[in-house]
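J.: Here is a sequence with its predicted model. Questions after.
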Amino acid sequence: MDTTLFQPIPGMADLAAPEVLLWQRLEEQARRIMPLYGFTEIRTPALEYTPVFTRALGETTDVVQKEMYTLADRGGRSLTLRPEGTAGVIRYAAGQGAAADGARLYYVGPMFRCERPQAGRKRQFHQLGVEALGEPNPAADVEVIALQQHLFQSWGLRDFTIDVNTRGLPDDRPAVAQGLAAAVRPQLDALCADCRRRFDTNILRLLDCKQESCRQVIAALPDMATFMSAPARAYLDEVVRLLAQLHLPARVNPRLVRGLDYYIHTVWEIRHPALGAQDALSGGGRYRITQGEKNFDGVGFAAGLERAVMAVQHDQPGWLAAIQPDAPVSLVALGAAARDANLQLAQELRQRGCACGLDLGDRSLKAQMRAANRAGSAWAVIRGERELAAGAAALKDLRDGQQTELKLEDVVAKLIAATGPTRVAPAPG
RNA sequence: GUGGAUGUAGCUCAGUUUGGCAGAGCACCAGGUUGUGGCCCUGGCCGUCGCGGGUUCAAAUCCCGUCAUCCACCCCA
């Protein structure tokens, strides 16, 4: 066997049954819930001009500097496969002008980052995200957090935690960096090598260092918010008040850091303990992105679907097995004439909403019955020369083994009644 | 970019320490029933032991290289 010929690009994956059924279920729930909050779908291209991302995310962020798939088109323009969804949506909204004000959009689709793959991290991965455009308003931020809670509960998730923090306003950033630096500097020698580097390059990043020695130093640092202006702190206070009013189980985590430059004010992360090192189920926040001369304000989140599927499989271990598609009826034929007749019968049943399967070859009756059983069918319709001549069919209930011979139209009527289109799939969780 | 682990049948994996016929379970196919599934019994199919080189009478096993996958750092969804 050739090891590479049949493999996708490293970090990219084929997604097929049975797991894809779980994905479909999660997407169905999302498409049901999004309209309840006024969001409609937006589908933007996977490929954009590179500046769409470099300007929105920030030239110095890791995503832009190390992780983007960037290529040149035939005219030499630089294109990039989207590493996240917000920048493209804002690019769209900017083109809509004033009509985009207050827009509420959601997206689902593949994103691309050229990182080393590991648990919960693919190079092509999938995000479900929303963007609610409009001036900063703590109520909008809380609404979007509530939407995520609603969505994740509909997915049967139980064990997630919601951490909230503030990034402050752009003007607060120098004060925050200087304040943290002053507090850290006396203990610089106690920090790990990575954190000594972060002290110069990106001081906020020390706050979520995983090293035990660093954590002790970090725990004693003042909150970021103490270095921020009064309006920034008031905004966070209002978010906290509204979260409590909705009884959302969020907690303020002053050490929460998020990497992209466009965030202002509220940021949050929802984590799940079953996910391994990459434990963020979703992340989001309020942002301000400049396109042309204009600022675009909004609030949104992105949830990683690969991670969501992992978490659902942890919290709802029986789900995947329970959503297998069933072909409740198997058509069994003896001989070529019966097989032709079954092909016609299958078409009639299917057009009337009854899922059925049949053997297209000339396998033995025994083999066809075995296949019917394996497919989980509740019914087998068996026809050979005798039944064809009589305009009849044997209908066998595979659960109790009872078999009766009926006229063909009675068999069809009975099957439509038992398995027809009004049948609903069992509700999750 | 850095570190660790793992690659053997369609799947899950033994076998590698100490070189000696390529294995098990599951799955699949057939028979046990002239036209009847599940359970059981019998038989069958399935292999470039990731790939390339080296050592050896002999390599899945030891050595070198290489590719891939997984996990972790980093970063993030």
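T.: Sure thing, it's come through.
J.: And the residue of the stretch 301-429 of chain A closest to RNA strand B?
T.: residue A:304 (2.5 Å; CB to the nearest atom of the strand). Bear in mind the C-beta positions are built from the backbone N, C-alpha and C, glycine included.
J.: From what I see, that residue and residue A:124 are in contact.
T.: No: between residue A:304 and residue A:124 there is no contact under CB atoms under 8 Å: 11.9 Å.
J.: Who has more neighbours out of those two?
T.: Legend: neighbour count by other CB atoms under 10 Å for residue A:304 and residue A:124, higher for residue A:304 (24 against 18).
J.: got a list of what the residue of the stretch 301-429 of chain A closest to RNA strand B touches?
T.: Going by CB atoms under 8 Å, 6 or more residues apart in numbering, residue A:304 touches A:120, A:125, A:126, A:127, A:280, A:281, A:282.
J.: Please name the nearest non-neighbouring residue to the first one.
T.: Distance criterion CB to CB, 6 or more residues apart in numbering; nearest residue to residue A:120, sequence neighbours excluded, is residue A:278 at 3.6 Å.
J.: Unless I misread the structure, residue A:48 falls within a helix.
T.: No: according to DSSP: H, G, I helix; E, B strand; the rest coil, residue A:48 belongs to no helix; its state is strand.
J.: Bridged to it, which residues?
T.: For residue A:48, the beta-bridge partners are residue A:80 (DSSP bridges).
J.: chain center to stretch A:19-30: distance?
T.: 9 Å (CA atoms, centre = their mean, to the nearest Å).
J.: thought residue A:175 was touching residue A:225?
T.: No: Residue A:175 is beyond contact range of residue A:225, at 11.0 Å (criterion: CB under 8 Å).
J.: what's around the residue of chain A found nearest RNA strand B, how many residues?
T.: Closest residue of chain A to RNA strand B, CB to the nearest atom of the strand: residue A:259 (1.6 Å). Neighbour count for residue A:259, taken as other CB under 10 Å: 15.
J.: Check the one 10 residues further on too.
T.: Burial of residue A:269 is recorded as 22 neighbouring residues (other CB under 10 Å).
J.: That one: which element?
T.: Assigned by DSSP states H and E, residue A:269 belongs to strand A:263-271.
J.: can you give me the mean pLDDT across whichever helix or strand comes after that strand?
T.: Scanning forward in sequence from strand A:263-271 by DSSP H and E, the next helix or strand is strand A:280-291. Average pLDDT, strand A:280-291: 93.
J.: so strand A:280-291 versus strand A:263-271, what angle?
T.: Strand A:280-291 runs at 160 degrees relative to strand A:263-271, counting by axes from the mean of the first three to the mean of the last three CA atoms, to 10 degrees.
J.: what pairs with strand A:280-291, and is each one parallel or antiparallel?
T.: By DSSP bridges, strand A:280-291 pairs with strand A:263-271 (antiparallel), strand A:294-304 (antiparallel).
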